[in-house]
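Participant: Build me a model:
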Amino acid sequence: MQKVKELFKNTIKTALLFIFIVAANAQNINWNSIITVSPNPSPYIADWESDPRMLAYTVIYNGNKEQNTYTKAVLSGKRYGELGTVKGNNLLFPSGPLTKIFRNTDILNINESNLNKKFVTNVMKAGRLPEDDYTICISLYSEKGELLTEACADFSINLPDQPQLIYPADKDTINVANPSFQWTPVFSSTGKIIKYALRICEVMYRQTPLKAITANVPVYETILTGATIHLYPADGFPLETGKTYVWQIQALDEYGQPASVNQGKSEIWTFVRKNTSVISKPPIRKPVYAVKKISGKLIYDWPGSSAEAKPLKNVSVSLCVEYILKRAGLPVVLSKADLSYKFDDVGKVLATSQTDNTGNFDFSFNYADSTYMMAEDTTIRITDAGFVKGDIYKVLRLKVNSNYYASPSQNIMLNQDGTADAGTLTAKARRYQVFLKLWDPLNANDSMKYIVRVTRKGVRDDIPIDEGDSKRTENNPNSEYVIYDRNVEKDGSLVLPMLVQNKYAGDEYTVRVFSADNNHPANYSPFKLNFSGSQGNSFTLLGQGDKAVYADDYTVQYLEANINPATVYAQFKGVLKYKFYGQSCTFPLKNIQTKLVIKYILRKMGGGYVDVSDYVKDSDRNKVVSYAATDSSGNVVYNVGLQSFMVDSIGAYRKVKDFPAGGNKYSGHIYRALRVIVNSPYYCSPDEGNSYYGDIYFNEASHVQDFGTLCSLVRSYNLNITVKNEESNLPLNNIDVYLMRYKYPESIPSDEGGGY
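Facilitator: Here you go, the predicted structure:
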């Protein structure tokens with residue numbers, strides 16, 4: 001047990017190194033790094049250990065010497081404060097230029113660690129990070145302790161909402177012995193299957209529902225995997241007439257831990273068991289036949305589509321017994337819970353067959369019963385519909401044994417001789433329509449140019465071959481087919497209208513986003529699209545979900561999702577020149593190291609600027625976002641990897657009144673800007689000495705911005721020299737004087753002293 005604890009503790013240490021890093025920016029000009037994080041980070045330590053898609057840490061080294069490095073990470077949270085510091089063993093970088101990519105599943109050896117014991121205990125117990133707002137900082141050091149690159153980022157672990165009870169309603173009256181219980185699903189951001197613990201207790205005399213559910217022995221208790229509806233079993237403890245019962249649902253993850261807020265628990269509702277629900281006339285006498293033969297043809301179409309129906313070929317089908325209530329409007333298929341009589345053959349499978357290459361099917365079987373009217377002018381209480389009046393029929397229906405189709409709604413009635421030509425029966429493809437919206441903050445003005453490609457692999461024989469834009473003529477489970485390959489609209493939206501659900505293992509859609517030109521370098525991580533209930537990538541299911549068995553009850557399912565980039569790459573370019581005081585700015589600032597820094601500038605009411613970077617509380621103030629060197633013409637290009645939350649706030653930031661800075665108070669607008677800093681003792685930074693410097697703002701939504709020409713002033717000095725006679729100490733006239741510089745650095749202005 002001790003070894004298990006140590007192993008799990010080491011797993012936590014390893015995970016702390018790499019969870020949720022947003023961007024790393026070099027402190028040394030030879031180093032740079034970019035971190036790409038999953039858009040839906042998992043709170044589970046096991047996921048960070050096993051799923052390589054969570055995080056990719058790319059380190060770019062441009063030096064020409066071999067370097068030994070090590071990492072140090074610090075994690076903190078609002079609830080616990082600093083949670084731990086972890087130092088890794090050496091990472092060797094050969095001479096550059098080179099790029100190394102580390103993923104969260106890479107095995108790291110931990111050298112030193114200092115972890116918050118209370119925090120580690122909670123994580124070991126739950127197997128996941130607790131709900132909190134976190135900050136993580138990671139640094140890469142040389143073996144001598146020199147900082148090479150570092151970054152900090154905020155992230156949050158948020159649990160989904162708890163399940164909500166649907167039926168029976170609170171204080172409802174139940175008129176059946178075996179009621180159905182229904183509740184809303186809990187959607188895990190990681191796509192994990194949720195388990196639901198259903199607990200039902202009797203409420204004793206003078207007991208509150210809360211006391212009953214927590215203190216009493218349950219009359220029924222079960223754990224369901226994925227299901228959000230449950231029929232009280234016939235062999236369960238009988239729910240007695242006149243008694244009050246309380247029920248509650250708790251959502252659990254795969255480890256048995258609460259999977260939502262409120263400890264995963266729903267509200268608490270009560271219901272009262274009353275008498276049976278059906279008030280009917282005596283059943284009509286039923287005729288009995290013997291040998292049964294049924295044949296027909298099965299086709300399918302897409303609900304809401306004008307596409308021509310196609311044969312549903314080579315698919316397994318079953319013939320089932322159903323009880324139908326015919327009424328005004330659509331007939332209702334009854335369940336055992338709806339019927340007061342004990343019909344053991346509700347849903348019974350009489351025979352199973354398979355359609356041929358043209359969709360034809362036939363059954364031949366022995367059956368001692370038939371199809372007929374069971375009762376007429378009958379009032380029956382139907383789950384979720386209340387009391388309904390109509391005629392009850394016993395019928396046969398064809399069920400398609402595939403998750404991709406809703407079965408035909410046509411009833412099959414046997415003839416007097418026990419045969420039936422079912423004719424042409426129509427199934428419905430379980431159609432899903434997906435609304436995608438790409439978000440790219442630097443292309444917000446209807447200028448989006450991206451391609452969305454949806455592929456599907458693990459394609460089974462019974463999947464509709466005409467889904468999406470696919471032109472395939474067969475289904476091969478070993479192939480990956482392109483279902484959609486479409487350009488998004490200018491606003492980033494796209495509709496994928498003809499997808500069919502995928503619930504089988506290995507059958508999966510993959511969504512990839514590509515740039516249609518080089519001016520859209522936002523990076524979108526591929527993600528899986530799964531219609532099994534829990535949606536990834538912030539998918540929202542619109543409506544009640546796909547619970548229909550038969551085609552008449554099936555409605556098109558709608559999903560929507562906003563797709564956020566993992567990293568947005570922005571480019572700032574321009575020209576740096578220099579001048580001596582009093583001269584024009586004409587000479588290029590050649591081969592000089594520079595950096596791009598975030599600054600906060602207050603534009604005062606009435607005019608003027610104040611640099612308030614040291615007085616704002618924003619964590620990115622004075623942060624270096626890129627390093628770059630000018631070329632021989634003074635051109636400089638900054639490539640900046642920005643997280644999506646950052647790029648939309650470069651520019652006008654907020655309005656302030658009486659903002660304290662440097663002992664004074666100012667009113668106006670604070671602007672978030674980028675400032676070029678020249679790393680040379682021979683030059684001032686552009687417009688240094690003015691409070692606004694040569695600051696750069698986002699003038700328009702664009703990945704590439706030209707900030708034009710910025711001018712640096714040479715840090716120049718006037719040197720006055722007088723030559724005197726050594727004996728008389730009198731000035732000497734017409735003497736040539738030479739000023740010599742020893743070890744002339746390349747970065748010194750070439751026209752120093754007039755250009756000698």
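Participant: C-alpha only now, for contacts and for neighbours.
Facilitator: Fine.
Participant: looking at this, Lys211 is in a helix?
Facilitator: Yes: counting by DSSP: H, G, I helix; E, B strand; the rest coil, Lys211 is located in a helix.
Participant: That one and Glu202, how far apart?
Facilitator: Look at Lys211 and Glu202: by Cα to Cα, to the nearest Å, they are 11 Å apart.
Participant: tell me the contacts of Thr99?
Facilitator: Listed by Cα atoms under 8 Å, 6 or more residues apart in numbering, the contact set of Thr99 reads Thr58, Val59, Ile60, Tyr61.
Participant: The second one bridge partners, please.
Facilitator: Using DSSP bridges, the beta-bridge partners of Val59 come out as Ser33, Lys100.
Participant: Spatially, and excluding backbone neighbours, which residue is closest to Ala429.
Facilitator: Of all residues beyond its chain neighbours, the one nearest Ala429 is Tyr405 (4.5 Å), with distances taken as Cα to Cα, 6 or more residues apart in numbering.
Participant: okay, the one you found: pLDDT?
Facilitator: Per-residue confidence (pLDDT) for Tyr405: 93.
Participant: ok, it - how many residues close by?
Facilitator: If you count neighbours by other Cα atoms under 10 Å, Tyr405 ends up with 28.
Participant: do the same with Ile229
Facilitator: Other residues near Ile229 come to 16 when the count uses other Cα under 10 Å.
Participant: Helices of the chain, start to end?
Facilitator: Per DSSP state H, the chain carries helices over the ranges 2-18, 45-50, 117-126, 209-215, 644-647.
Participant: Show me the shaky parts of the stretch 501-650 of the chain.
Facilitator: 518-522, 532-545, 566-569, 642-650 (pLDDT under 70).
Participant: try it again with 50
Facilitator: Filtered on pLDDT under 50, the stretch 501-650 of the chain yields the residue ranges 533-537, 644-649.
Participant: The stretch 101-250 of the chain now?
Facilitator: 107-109.
Participant: quick one on the thing from earlier: same drill for Lys211 and Glu202, tell me which one is more crowded.
Facilitator: Between Lys211 and Glu202, counting by other Cα under 10 Å, Glu202 is the more crowded of the two (24 against 12).
Participant: Against Gln164, how distant is the closest residue to that one other than its chain neighbours?
Facilitator: Excluding the flanking residues, the one nearest Glu202 by Cα to Cα, 6+ apart is Tyr245, at 4.4 Å. Tyr245 is 18 Å from Gln164, where distance means Cα to Cα.
Participant: Between those two, tell me which one has more neighbours.
Facilitator: Taking other Cα under 10 Å, Tyr245 and Gln164 do not tie; Tyr245 has more neighbours (23 against 18).
Participant: Pull out the buried residues from stretch 236-253.
Facilitator: Leu239, Thr244, Tyr245, Val246, Trp247, Gln248, Ile249, Gln250, Ala251, Leu252, Asp253 (16 or more other Cα atoms under 10 Å).
Participant: CA-only coordinates of it in PDB, if you can.
Facilitator: C-alpha atoms of stretch 236-253 as PDB (Å, rounded to 0.1, in the frame of the first residue of the first chain):
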ATOM      1  CA  GLY A 236     -38.000  -4.700  -6.600                       C
ATOM      2  CA  PHE A 237     -39.400  -4.000  -3.200                       C
ATOM      3  CA  PRO A 238     -43.100  -3.200  -3.800                       C
ATOM      4  CA  LEU A 239     -44.000   0.500  -3.600                       C
ATOM      5  CA  GLU A 240     -47.000   0.400  -1.200                       C
ATOM      6  CA  THR A 241     -50.200   2.200  -1.900                       C
ATOM      7  CA  GLY A 242     -50.700   5.300   0.200                       C
ATOM      8  CA  LYS A 243     -47.100   5.700   1.200                       C
ATOM      9  CA  THR A 244     -44.800   8.600   0.400                       C
ATOM     10  CA  TYR A 245     -41.300   8.000  -1.000                       C
ATOM     11  CA  VAL A 246     -38.300  10.300  -1.500                       C
ATOM     12  CA  TRP A 247     -35.800   9.900  -4.300                       C
ATOM     13  CA  GLN A 248     -32.400  11.400  -5.400                       C
ATOM     14  CA  ILE A 249     -29.800  11.000  -8.000                       C
ATOM     15  CA  GLN A 250     -26.000  11.300  -7.500                       C
ATOM     16  CA  ALA A 251     -23.600  11.600 -10.500                       C
ATOM     17  CA  LEU A 252     -20.300   9.700 -10.100                       C
ATOM     18  CA  ASP A 253     -17.200   9.500 -12.200                       C
END
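Participant: Now tell me what touches stretch 675-692 from outside.
Facilitator: Outside stretch 675-692, the residues that reach it (Cα under 8 Å, 6+ apart) are 578, 592-599, 601, 609-611, 693-696, 710-716, 747-748.
Participant: how does it look with 7 Å?
Facilitator: 593-599, 609-611, 693-696, 710-715, 748 (Cα atoms under 7 Å, 6 or more residues apart in numbering).
Participant: Name the nearest residue to Lys449, ignoring sequence neighbours.
Facilitator: Ala516 (5.3 Å).
Participant: how far away is that neighbour from Trp183?
Facilitator: Ala516 sits at a distance of 44 Å from Trp183 (criterion: Cα to Cα).
Participant: sorry, back to before: quick one: residues contacting the residue nearest to Glu202.
Facilitator: Ile200, Cys201, Glu202, Val203, Thr270, Phe271, Val272.
Participant: Which of those fall in strands?
Facilitator: Among the contacts of Tyr245, DSSP state E puts Ile200, Cys201, Glu202, Thr270, Phe271, Val272 in strands.
Participant: Tell me which residues touch the last one, please.
Facilitator: Spelled out, it's Val272. Counted by Cα under 7 Å, 6+ apart, Val272 has contacts Lys171, Asp172, Thr173, Ile174, Gly242, Lys243, Thr244, Tyr245.
Participant: Asn564 against Leu438, yeah?
Facilitator: Yes: taking contacts as Cα atoms under 7 Å, Asn564 lies within contact range of Leu438: 6.4 Å.
Participant: Could you check how far Lys399 is from Leu159?
Facilitator: Taken as Cα to Cα, the span from Lys399 to Leu159 is 39 Å.
Participant: Top of the contacts of Thr99 by number of neighbours, please.
Facilitator: Neighbour count (other Cα under 10 Å) singles out Tyr61 as the most crowded of those, with 25 neighbours.
Participant: Please tell me how far that residue sits from Ile601.
Facilitator: On the measure of Cα to Cα, Tyr61 and Ile601 end up 33 Å apart.
Participant: Okay, strands next: where are they in the stretch 351-500 of the chain?
Facilitator: For the stretch 351-500 of the chain, applying DSSP state E, counting those that start in this stretch gives strands covering 360-366, 372-382, 386-400, 405-406, 419-429, 431-438, 450-457, 480-487, 493-500.
Participant: any chance of those in CSV, with distance to Asn68 too?
Facilitator: Below are those laid out as CSV (distance: least, Cα to Cα, whole Å):
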stretch, distance to Asn68
strand 360-366, 71
strand 372-382, 73
strand 386-400, 63
strand 405-406, 59
strand 419-429, 59
strand 431-438, 41
strand 450-457, 40
strand 480-487, 43
strand 493-500, 47
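Participant: weakest of those strands by average pLDDT?
Facilitator: Comparing mean pLDDT across those, the weakest is strand 372-382, with a mean of 72.
Participant: What is that strand packed up against?
Facilitator: strand 386-400 (3 or more Cα pairs under 7 Å, 6 or more residues apart in numbering; DSSP states H and E).
Participant: Please save the CA atoms from the strand it packs on in CSV.
Facilitator: Once non-C-alpha atoms are left out, strand 386-400 reads as follows in CSV (Å, rounded to 0.1, in the frame of the first residue of the first chain):
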residue,chain,number,x,y,z
GLY,A,386,-50.9,11.9,-18.3
PHE,A,387,-54.3,10.3,-19.0
VAL,A,388,-55.0,9.6,-22.7
LYS,A,389,-58.0,7.9,-24.3
GLY,A,390,-58.0,5.6,-27.3
ASP,A,391,-58.1,2.0,-28.6
ILE,A,392,-55.4,-0.5,-27.6
TYR,A,393,-54.0,-2.8,-30.3
LYS,A,394,-51.6,-5.6,-30.2
VAL,A,395,-49.3,-5.2,-33.3
LEU,A,396,-46.0,-6.4,-34.7
ARG,A,397,-43.3,-3.9,-35.6
LEU,A,398,-40.0,-4.3,-37.4
LYS,A,399,-36.9,-3.1,-35.4
VAL,A,400,-33.7,-2.3,-37.0
